[in-house]
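Chemist: return atomic coordinates for the entry below.
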Amino acid sequence: MEIKDLVEYEINESLQTIKVTFRLLQDSEDEVRIDTIELEESEQYGFSFLDSKEKKFKDIFLEEDEEDEFDFGDDDFLEESIDEQELISFLTEYYILNPRRLPETEFF
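Modeler: Predicted coordinates for the structure are as follows:
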């Protein structure tokens with residue numbers, strides 16, 4: 001079981017979940033797998049996605065270069081602040097240890 005493509009992901013801070021859409025090596029380009037995982041579960045595996053997002057957010061505002069402007073309308077900011085390789089590592093470990101939780105494929 002190896003993830004070949006992380007299609008998209010979204011953290012819902014109010015529900016404390018992360019919704020992921022991905023493909024495994026054996027999945028075709030027309031297929032995806034969609035799952036919603038409690039953030040608490042990722043922390044049990046040693047991954048803390050909210051902490052990395054908050055650190056990146058703080059780093060931007062602590063920079064002393066006043067010429068840079070931050071666009072608050074950038075909806076992709078939260079997703080971009082998470083290391084995708086770290087997320088793939090978590091998902092790989094999570095589904096290896098919990099194969100029954102691996103979602104079925106859906107047509108994209």
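Chemist: partners of the lengthiest strand in the chain, with directions?
Modeler: Secondary structure of the chain per DSSP state E: the longest strand is strand 3-12. With DSSP bridges as the test, strand 3-12 is paired with strand 17-24 (antiparallel).
Chemist: who touches the strand it pairs with?
Modeler: Residues outside strand 17-24 that contact it (CB atoms under 8 Å, 6 or more residues apart in numbering): 1-12, 29, 31-39, 42, 49, 87-88, 91. From N, CA and C alone the C-beta is placed, and that goes for glycine too.
Chemist: out of those, which end up buried?
Modeler: With burial judged by 16 or more other CB atoms under 10 Å, the buried subset of the contacts of strand 17-24 is 3, 9, 11, 32-33, 35, 37, 39, 42, 49, 87-88, 91.
Chemist: taking those one by one, which sit in strands?
Modeler: Short answer: the buried ones among the contacts of strand 17-24 in strands (DSSP E) are 3, 9, 11, 32, 33, 35, 37.
Chemist: so which of those is the closest to residue 107?
Modeler: Residue 107 has its nearest neighbour among these in residue 32, at 8.0 Å by CB to CB.
Chemist: stretch 25-35: end-to-end distance?
Modeler: 17 Å (CA to CA, to the nearest Å).
Chemist: state the mean pLDDT of that stretch.
Modeler: Per-residue pLDDT over stretch 25-35 has a mean of 96.
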